[in-house]
Every structure is written in C-alpha cells, then in structure tokens.
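Can you look at this prediction? I've put the sequence above it.
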Amino acid sequence: MKRENFKSRLGFILISAGCAVGIGNVWKFPYVTGQNGGGIFVLFYFFFLIMVGVPVLTMEFAVGRGSRKSIVSCYQQLEKPGQKWHIHGYAAMIGNYLLMMFYTTVAGWMLSYFYRFLTGEFVNADPSGVKEVFDGMLQQPVSMAFWMIVIVVAGFVICSFGLQSGVEKISKPMMLCLLGLIVILAVNSIMLDGGIEGLKFYLIPDWKKVEEVGLFNVMIAALNQAFFTLSIGIGSMEIFGSYMSKSHTLLGESLRIAILDTFVAVVSGLIIFPACFAYGVDPGAGPELIFITLPNVFSSMKGGKIWGSLFFLFMTFASFSTIIAVFENIIACWMDKWHVSRKKASLINGIIILVASMPCVLGFNVWSNFQPRGAGSTVLDLEDFIVSNLLLPIGSLAVLLFCVTKWGWGYEQYLEEANTGEGIKMPGWLKGYVTYVIPCILNFQ
C-alpha cells in the first residue's frame, strides 16, 4: 500500500500545530500563568519549550519519517533484531484510545456551548443561571452523548476520505479560521474598559507571586506546560512525520509548529485576562474558567451573544483539530498493522470510540458515585491522569532513549534523518545534552 503524503508543507505545519493546539493550552496556559507570576512564568515556558520540547518533537518526527510507518510498526521497522521497543508502540496506541475516551466528550461540551450561545440561551443570564446551565448539562447523559457522537462521527468521516482529501482539506482551513478568530477575540478583549489591567497582570512579572509559589515550583510548572503542549509521547506527532517529505530539516519544522502552538496559548491569555479584569471575575478559576466564568463575562458584554459564539467556535476548532489528528493516528495504525482499508478502519474505530467514550459521559451522572481519584473525582479524572501523568511522560522518555542510545535506533541514525533537507540542522555536539540532560529534566515532571 503506497504511503500517503501531505499535499503541501503548509498543510503539514498547520495540521501538526492543530494536534498540539488543544483545550489544555487554551484554558490551562492563561490560568497557570496567572498562578505562577505572570511574565516570569512565560519566560521559563519559552525556555523549556525550545530546550526540551522541540528536541524531543524532532525525535518523534524522525521516527515517523525514517520508518514511513505508524506508531507500532515504526519501531518494528527501525529497531534491531530481538529488541522490544515496539512494546511502547502498543502502549502509545492505548494512550490514543484513552485520550479520545474523554477528549471527545469535552469537545462535545465546546460544540454544545457554541450552539447555546448561537441560539441565545445565555442572553441576560445571571451568574447562578450560567452555573445552572453547566451543572444541568452534566446531569443530562443523553444530551452529552449526542454532542460526543456528533464529534466522533464527524471526525471519522473526515479521516475516511484520506490524508489529502479529508484530514488536510478540512484541517487547513479550520486552523486558519482558528488563528483568525483568536486574533479578533483578543483585540476585542484588550479594547474593553479595564482590559489593560488584565494585560499587565498577565504579562508583567509578579515577583511577589513568584516568592509565594517558589521559583523552583514556577520552573516545574513552566516545564510541564511547555512539554505537554506539544502532544509528544503517544505517537500523535509521529504519524505526521511518516507523511512528511524529506525536503526540510526536522528542527526547522518543529520550531514552526512550536511557535504556532505558543501563539495560540499566549493569545488565549490576551482574550481571557483582559475580559476577566474588565468584568471583575477571577481569572484563576481553573477548568471552571471556560464553562462558568467566561460565559458570565460574555453574557454581561455588549454583543455577548456574538463574542460567546465566536469564542466557543474557536474552542470547538481547537479541540476538533486534535481529535482529527489522533483519529488519523489510530486509523493509520490499523492500516499498517492489520492491512485493512481506510474506510473499514474508520468504521471499526468509530464504533470502538463511541462505546469507549460512554463511561466518561456517564461518569458525571449515572455513574457519579464511582469516584476513582477520591471524593468528587470522575471517570474523566482517571482517564486524564493515566494519559497526562503516565503515558505521555513515559512515552516521551521512551522516544528519546530510542533515538539517542545504542540500544535503540541510535543517535547517528536519528541525526541523519533529522538533518535531511534544507533548513536549520541539529548540531552533532548536542548528543551529551539530549542523552543525559533532557532525561534528567523529564524526571522532574
């Protein structure tokens, strides 16, 4: 079966960035920034993104492009006889399924809120009314399941048409719309009365806050945010490496993706902080920020129906771009490993994800007594913990060790693949840094 390729370089960059751009770095980046000293956190974030995140991203791309295979088969293609690195490939595939078991539900929330704003449900709603909408949504398994099903079916239908005719054709304009929407929303927030104070809170270093939290804790928070924002560790980026041409070096492409991903995260703060300060609400509300705090802001704002609709359309695009990317990874693995057609792989996995997503939906209502991570926790919390705290960091370390040690693919082979094409080259003298320093940094996560 001939390997598919991206139609354009822009398509590869936008789709890979779309995989990295997700719900987490839209709501999490701004409030974690606020909790960790503003501008000083942002500086550490940039530092770790370049020094840790980008090198590991080049490795995941190198494994994909060097093998021209999906996450399980790539290790079998590149590992030496008798080696067992492909075991991580299976763990990564489990990670893709686990991620989609809760991510599809949350993406359904975004689509639901877009519809609710568009139809005027939040017009003139007071704070208690806004909270009632969110709490009511969680108590309605049929409604939650409906929006989750819309997301899953749409994602697999798009992927079933192929890389160029489906994934690239939809993701490219969607990402361009996302980038345009985020700029429009940020300009509107900054121009609100009192918005500049939010801007200062967001970007000016707050040394008192740093002292309160502790400089080391601020650095660890920045490291975690920088690393996980790139979606490394479960093969989400590896699959796009397998579709890449060899015309450009991997460091240059990885930097472009990191810059796009960071742009969305930083500009999200330009939407959220000025709006929160303009309307006197807490910008550090965590997960509630998206579904309770911001709807309160939009319902009070002139033209709030329009701005709320645009914001949740942006959030739907952000989450759906990640879902399409992960679905493509799952489908490609089935095509490589079990030699089934793309449409058959899409149908089978569509059914699997629909069934597997139901525990997350039911965990907020019918199964609410099941609290696996302590009082008040849900199925979503358990699934998120396994992916974010176990599979992603362990997977990232596995990819790194595979690329830099003699017991894996090997540093010379990785470097040759990474530096093939035009663009910025990975220096050979970084071997000591990527072999010994980065693994130690990863262990702090």
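Looks like it came in fine. Predicted model only: the values in this text are computed from it and were never measured. Residues are numbered from 1 along each chain as shown.

Poorly predicted segments of the stretch 151-300 of the chain, please.
Scanning the stretch 151-300 of the chain for pLDDT under 70 picks out 283-287.

Which stretches in it count as helices?
Listed in chain order, the helices of the stretch 151-300 of the chain (DSSP state H, counting those that start in this stretch) span 169-190, 195-203, 207-213, 215-228, 238-242, 250-278, 288, 294-300.

so how far is the shortest one off the chain centroid?
In this view, helix 288 has its centroid 18 Å away from the chain centroid, taken as Cα atoms, centre = their mean, to the nearest Å.

check contacts around Cys360.
By Cβ atoms under 8 Å, 6 or more residues apart in numbering, Cys360 lies in contact with 101-102, 104-105, 378-380, 383. (Each C-beta comes from the backbone N, C-alpha and C, glycine too.)

so which of the helices of the stretch 151-300 of the chain comes closest to Phe444?
Closest approach to Phe444 among the helices of the stretch 151-300 of the chain (Cβ to Cβ): helix 215-228, 5.9 Å.

now, of the helices of the stretch 151-300 of the chain, which is deepest in the fold?
Across these, averaging neighbours per residue (mean count of other Cβ atoms under 10 Å) puts helix 238-242 on top, at a mean of 27.

Does anything pack onto that one? Which helices or strands?
helix 9-20, helix 54-67, helix 71-78, helix 304-338 (3 or more Cβ pairs under 8 Å, 6 or more residues apart in numbering; DSSP states H and E).

can we see that at 10 Å?
If contacts are counted by 3 or more Cβ pairs under 10 Å, 6 or more residues apart in numbering; DSSP states H and E, helix 238-242 sits against helix 9-20, helix 54-67, helix 71-78, helix 86-118, helix 250-278, helix 304-338.

picking that back up, any chance of the contacts of Cys360 in TSV, plus neighbour count and distance to Ala222?
Below are those laid out as TSV (neighbours: other Cβ atoms under 10 Å; distance: Cβ to Cβ, whole Å):
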residue	neighbour count	distance to Ala222
Met101	24	29
Phe102	25	25
Thr104	27	29
Thr105	25	29
Thr378	22	28
Val379	23	30
Leu380	20	25
Glu383	24	25
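
nearest to Glu422, of those residues?
Checking these against Glu422 by Cβ to Cβ gives Thr104 as the nearest, at 38.5 Å.

What does the pLDDT read for the closest one?
For Thr104, the model assigns a pLDDT of 97.

Contact partners for it?
By Cβ atoms under 10 Å, 6 or more residues apart in numbering, the contact set of Thr104 is 147-152, 155, 319-320, 323, 326-327, 353-354, 356-357, 360-361.

same check, this time on Phe216
Phe216 touches Phe444, counting by Cβ under 10 Å, 6+ apart.

any idea how far Ile232 is from it?
Applying Cβ to Cβ, to the nearest Å, the value for Phe216 to Ile232 is 23 Å.

List the neighbours of stretch 383-391 that are in contact with it.
Applying Cβ under 10 Å, 6+ apart, the contact partners of stretch 383-391 are 24, 88, 91-92, 94-103, 105-106, 224, 228, 233-234, 356-357, 359-360, 363, 372-373, 377-378, 392, 395, 398, 445.

Recalculate using a threshold of 7 Å.
For stretch 383-391, the surrounding residues in contact (Cβ atoms under 7 Å, 6 or more residues apart in numbering) are 91, 95, 98-99, 101-102, 228, 233-234, 360, 373.

Stretch 75-91 now?
By Cβ under 7 Å, 6+ apart, the surrounding residues in contact with stretch 75-91 are 63, 66-67, 69, 71-72, 74, 391, 395, 398, 402, 408-409.

Let me know the average pLDDT across it.
For stretch 75-91, the mean per-residue pLDDT is 94.
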